[in-house]
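A.B. asks: Structure, please.
(one chain, ligands or ions: 1)
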Amino acid sequence: MAPVCDCCCEKVQKLKLQVSVMRKETRNLRQMLDSATRAHRKQLNAVYSAVSKAGLGEAGKELTPPPPAAPAPPAAPPPALEQGIIQTAPIGYISSCFSVKNGTPRQPTICGPSRAELRIQPSVFNNPEHALLGLEQYSHVWIIFLFHKNGHLSNKAKVKPPRLNGRRVGVYSTRSPHRPNALGLTLATLDKIVGDTIHLSDIDMIAGTPVLDIKPYIPAYDSPQTRTHKEPNDLNTHQSDASSDEESNISNLPTPQILTLNSSGVSSQSSLHRVLEEVKAFVIQDDFCQSEEQVSDSPVKKAPESTVDDRPCYGEEVYSTIADWIRAPPVSSLEVRFTPRAEKELAEFLTSDVSGPVDGVKPRFKFLHSVEEAAAAIRGVLSADPRSIYMRNRCRDRLFFFALDTADVTCWFGRGFAEVLQVRYVEHQNAITEETK
Ligand SMILES: C[S@@+](CC[C@H](N)C(=O)[O-])C[C@H]1O[C@@H](n2cnc3c(N)ncnc32)[C@H](O)[C@@H]1O
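C.D. replies: Just a heads-up that it's a prediction; the model follows:
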């Protein structure tokens with residue numbers, strides 16, 4: 001080892017001294033840290049046992065230091081429902097007086113007496129009839145169904161509805177069956193409920209149509225016209241309705257300028273009352289107003305002032321607007337006639353409500369209640385011109401056939417009219433076969 005000079009020796013001594021001082025300081029700091037950690041742990045344990053005693057955790061459990069962080073597992077994809085992907089299962093299948101698409105009304109209101117039945121599948125509920133309790137109090141129901149006879153799903157953004165005689169419009173501005181998810185929506189009349197079966201009329205669905213859901217039609221929620229004409233008393237009723245979480249929008253209050261709480265919160269009865277009034281006013285405004293500009297001090301909806309709106313609408317006080325081709329369709333409705341022979345054939349049908357022994361060979365309707373109802377249904381179908389655009393333009397002279405309940409109807413079209421030539425009985429027209437499902 002090389003000899004060390006005095007000067008270096010002194011430097012080494014100084015450094016050794018500094019190191020021992022730093023070691024001491026480090027030891028002190030470590031001790032301080034340990035005691036702080038112990039105190040902190042003690043506090044945490046106190047909080048933990050307090051929470052445990054309140055029933056929110058395991059009593060007496062010592063806090064242990066967290067285990068070393070495990071590598072994060074790969075993020076699981078959100079559940080299918082959250083992605084909007086569901087496997088549907090029909091709640092039932094329609095049996096209706098229309099067995100094929102041809103001649104089925106394009107909308108339910110076209111053909112009042114069109115009748116159908118929907119039996120809730122026992123595979124969906126243990127007691128299917130329980131799912132219908134209360135529904136009998138409504139006159140109309142929304143039916144959400146699958147256009148199962150479309151052949152394939154369609155991704156065409158533009159369609160040519162028959163009533164537009166060749167004009168193309170965006171699929172979402174129409175009720176076309178040909179849409180990406182092939183879902184149909186019909187507002188049907190609810191005639192009666194017997195056990196697990198709903199009896200409907202005013203339908204535009206063919207026999208075998210799978211139904212995915214049923215909802216009651218509630219004008220106050222579903223019709224802007226009804227909402228516009230609410231009386232103040234009705235509004236009060238609505239206000240109390242709004243207290244139910246399911247129906248109200250209170251949880252979504254977005255605008256502090258409408259609902260103003262003072263900084264100290266709601267302390268007195270009068271401020272609580274004021275806040276409740278504001279909440280009520282907000283709920284009404286939210287339900288009955290269309291835009292912020294229409295929000296007034298009064299909770300009662302005022303008719304819009306004569307604002308200039310170039311969108312067409314049915315009447316002055318109605319808020320909903322509709323496309324011009326619905327108000328004034330290019331295809332006008334047709335006059336419907338029966339030949340004497342067709343009238344005679346129709347009159348021979350017995351109707352579905354005839355009871356007692358019936359001669360097996362007599363024509364008989366399964367769904368329709370009277371010959372008049374059948375005649376009205378035929379008129380409804382034909383007056384709306386059920387032909388495709390192709391048939392209308394290229395095959396004007398051809399006979400047109402369609403099925404209604406247990407009848408095969410033959411007719412032809414002239415300028416501005418349709419004439420029924422024959423009404424022929426077909427015994428098992430509407431039996432739902434596995435094929436139609
Ligand atoms: C224009 S769509 C309207 C249906 C419903 N009201 C809607 O707006 O969603 C009615 C037409 O769909 C056709 N249709 C009815 N049931 C069907 C089914 N299950 N599958 C495919 N097409 C059907 C018939 O030709 C009927 O005239």
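A.B. asks: How about His140, nearest residue that isn't a chain neighbour?
C.D. replies: Nearest residue to His140, sequence neighbours excluded (C-beta to C-beta, 6 or more residues apart in numbering): Tyr217, at 3.8 Å. Every C-beta, even on glycine, is put in place using the N, C-alpha and C of the backbone.
A.B. asks: And the pLDDT for the one you found?
C.D. replies: As predicted, Tyr217 sits at a pLDDT of 96.
A.B. asks: Report the contact partners of the residue lying closest to Gly195 once chain neighbours are set aside.
C.D. replies: Closest residue to Gly195 apart from its sequence neighbours, by C-beta to C-beta, 6+ apart: Glu129 at 5.1 Å. Glu129 is in contact with 120, 195-196, counting by C-beta atoms under 8 Å, 6 or more residues apart in numbering.
A.B. asks: try Ile110
C.D. replies: 204, 380-381, 383-384.
A.B. asks: at 6 Å what do you get?
C.D. replies: For Ile110, the contact set (C-beta atoms under 6 Å, 6 or more residues apart in numbering) comprises 380, 384.
A.B. asks: Distance of it relative to Arg379?
C.D. replies: 10 Å (C-beta to C-beta, to the nearest Å).
A.B. asks: Over to the residue nearest to Gly195. Which of the three states is it?
C.D. replies: helix (DSSP: H, G, I helix; E, B strand; the rest coil).
A.B. asks: Kindly report the residues of the protein close to the ligand.
C.D. replies: 101, 104-107, 147-150, 175, 177, 184-186, 204-206, 209 (C-beta under 6 Å from any ligand atom).
A.B. asks: Can you list which of the residues you listed are found in strands?
C.D. replies: Under the assignment DSSP state E, the residues of the chain next to the ligand contribute 184-186 to strands.
A.B. asks: What subset of the residues you listed is buried?
C.D. replies: 184, 186 (16 or more other C-beta atoms under 10 Å).
A.B. asks: could the ones in strands among the residues of the chain next to the ligand go into TSV alongside pLDDT?
C.D. replies: Below are those laid out as TSV (pLDDT from 0 to 100):
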residue	pLDDT
Gly184	97
Leu185	97
Thr186	96
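A.B. asks: which one of the ones in strands among the residues of the chain next to the ligand sits closest to Thr321?
C.D. replies: Leu185 (18.9 Å; C-beta to C-beta).
A.B. asks: how far away is the closest one from Lys215?
C.D. replies: From Leu185 to Lys215 the distance is 10 Å (C-beta to C-beta).
A.B. asks: circling back: out of the contacts of Glu129, who's nearest Ala328?
C.D. replies: The closest of those, once distances to Ala328 are taken by C-beta to C-beta, is Ile120, at 40.6 Å.
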